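Enquirer: any chance you can model this:
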Amino acid sequence: AMDAWESKDYEAAAAKLEEAFALYPDDKSGNAPLRLLARLYGDMGDTERRAAALERIVAWDPTAFAECMALAEHYKERGAWDDVLRVTAIAQGISPFDGALLRMQADAFGAAGRHLQ
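Expert: Residues are numbered from 1 along each chain as shown. Below is the predicted model:
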């Protein structure tokens, strides 16, 4: 996968990373196949597939704070405030006092016309 990525054969790299994830679904390291897949899609500039990969990571790893925040930022850029609130609620369970998280939630509540409860 890494050789294909370096040679900019992104689709082959993505296929290999999917294959690696199927073989090692419990790998939650920084270089886990799904995390690499999200980075690959970011390098490709494919924001929708990156978001889909981030969603998979968030569903798969209960400690994926950085991915929650990246996904929340993706949804914020699109004005998808309910999705921002959904993802930041997950992030809040991981790191409830993170300042950037709390600002993101406050912005999302305000933009969605909702109130903190």
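Enquirer: use CA for all of it now, contacts and neighbours both
Expert: Fine.
Enquirer: which element is residue 59 on?
Expert: helix 47-60 (DSSP states H and E).
Enquirer: what's in contact with the helix or strand just after that helix?
Expert: Of the helices and strands lying after helix 47-60 in sequence (DSSP H and E), the nearest is helix 65-78. Here helix 65-78 makes contact (CA atoms under 8 Å, 6 or more residues apart in numbering) with 47, 51, 54-55, 57-58, 81, 83-85, 87-88, 90-91, 94-95, 101, 104, 108.
Enquirer: residue 50 and residue 76, how far apart?
Expert: Look at residue 50 and residue 76: by CA to CA, to the nearest Å, they are 15 Å apart.
Enquirer: contacting residues for the residue nearest to the spatial centre of the chain?
Expert: When CA atoms, centre = their mean is applied to the chain, the residue found nearest the centroid is residue 54 (2.7 Å). By CA under 8 Å, 6+ apart, the residues touching residue 54 are 35, 38, 67-68, 70-71.
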